[in-house]
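Trainee: Please find the sequence and the predicted model below.
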Amino acid sequence: SPEVEATVNALIAAEMRALERNVPFAIAMKLAADPAKLFAIRTMKWWTRKFDTRELLIGDRPLISTPAAKWPCGIAINDPNCIVALAISPSTVFFASANPKTRTNMSRMNPKKMLQILNEETIYRAAEYVFASGNSLSEFVTERIAGKADGSWAPPHSAKCGAGSRM
């Protein structure tokens, strides 16, 4: 009934922050229990890239992946071209990919272009917060957050929560 649905929705809304905190743990447990996904992760090469600046944003939904998954905020882990990126500091990002050509292309990408792509995706995926190490990106962030809020901005080739194919 509509009354029961309203009550359930209110309960879920009240507990949403706790539920969101548990989602990464639940995903990790599902990955660990699926042999095909474990194989995909084991075949990926992992590396980090350090930038000369401390301008890498970190958001409250920090994991970025490409190509876009068929489900919201998913990772197409079985796709041979999958790239996973995770900002681990204001100047360093962790990457994982099984495709040698992708890894080569990533290592040759212009650092400024890579930072812009990662930062735009971070802003686009954020639910509430984007963190920076200083004020140097305040205009960049403010413009995009305003555009995201009114629907006038999204990173080129990005999919909601799923990743774009720009990395």
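Mentor: In hand now; what should we look at? Predicted, not measured: the structure shown is a model, and the values here were computed from it.

Trainee: gap between residue 76 and residue 143?
Mentor: Using CB to CB, to the nearest Å, residue 76 is found at 30 Å from residue 143. Heads up, the C-betas are built off the backbone N, CA and C, glycines and all.

Trainee: low pLDDT regions in the protein?
Mentor: Counting by pLDDT under 70, the chain contains low-confidence ranges at 18-25, 70-73, 157-167.

Trainee: roughly how far apart are the most centrally placed residue in the chain and residue 3?
Mentor: The centre of the chain sits closest to residue 64, judged by CA atoms, centre = their mean, with a distance of 2.4 Å. When distance is defined by CB to CB, residue 64 is 40 Å away from residue 3.

Trainee: same question, residue 101
Mentor: From residue 101 to residue 3 the distance is 56 Å (CB to CB).

Trainee: do the same with residue 89
Mentor: 49 Å.

Trainee: Next: residue 9.
Mentor: Counting by CB to CB, the gap from residue 9 to residue 3 is 11 Å.

Trainee: can you check residue 121 too?
Mentor: Using CB to CB, residue 121 is found at 40 Å from residue 3.

Trainee: Pull out the buried positions in stretch 121-131.
Mentor: By neighbour count with 16 or more other CB atoms under 10 Å, stretch 121-131 contains the buried residues 121, 122, 123, 124, 125, 126, 130.

Trainee: Looking at those residues, which are in strands?
Mentor: If you go by DSSP state E, these have residue 130 in strands.

Trainee: Would you mind identifying the next helix or strand past the helix ranked longest in the chain?
Mentor: Ranked by residue count and defined by DSSP state H, the top helix of the chain is helix 2-33. Toward the C-terminus, helix 2-33 is succeeded by helix 35-43 as the next helix or strand (DSSP states H and E).

Trainee: Which strands or helices does that following helix pack on?
Mentor: helix 2-33 (3 or more CB pairs under 8 Å, 6 or more residues apart in numbering; DSSP states H and E).

Trainee: how big is the angle separating the helix it packs on from helix 35-43?
Mentor: Helix 2-33 runs at 50 degrees relative to helix 35-43, counting by axes from the mean of the first three to the mean of the last three CA atoms, to 10 degrees.

Trainee: thinking again about what came up before, I'd like the distance from the longest helix of the chain to the chain centre, please.
Mentor: Averaging C-alpha positions (CA atoms, centre = their mean, to the nearest Å) puts helix 2-33 19 Å from its chain's average.

Trainee: Over to stretch 34-54?
Mentor: Stretch 34-54 sits 13 Å away from the centroid of its parent chain (CA atoms, centre = their mean).
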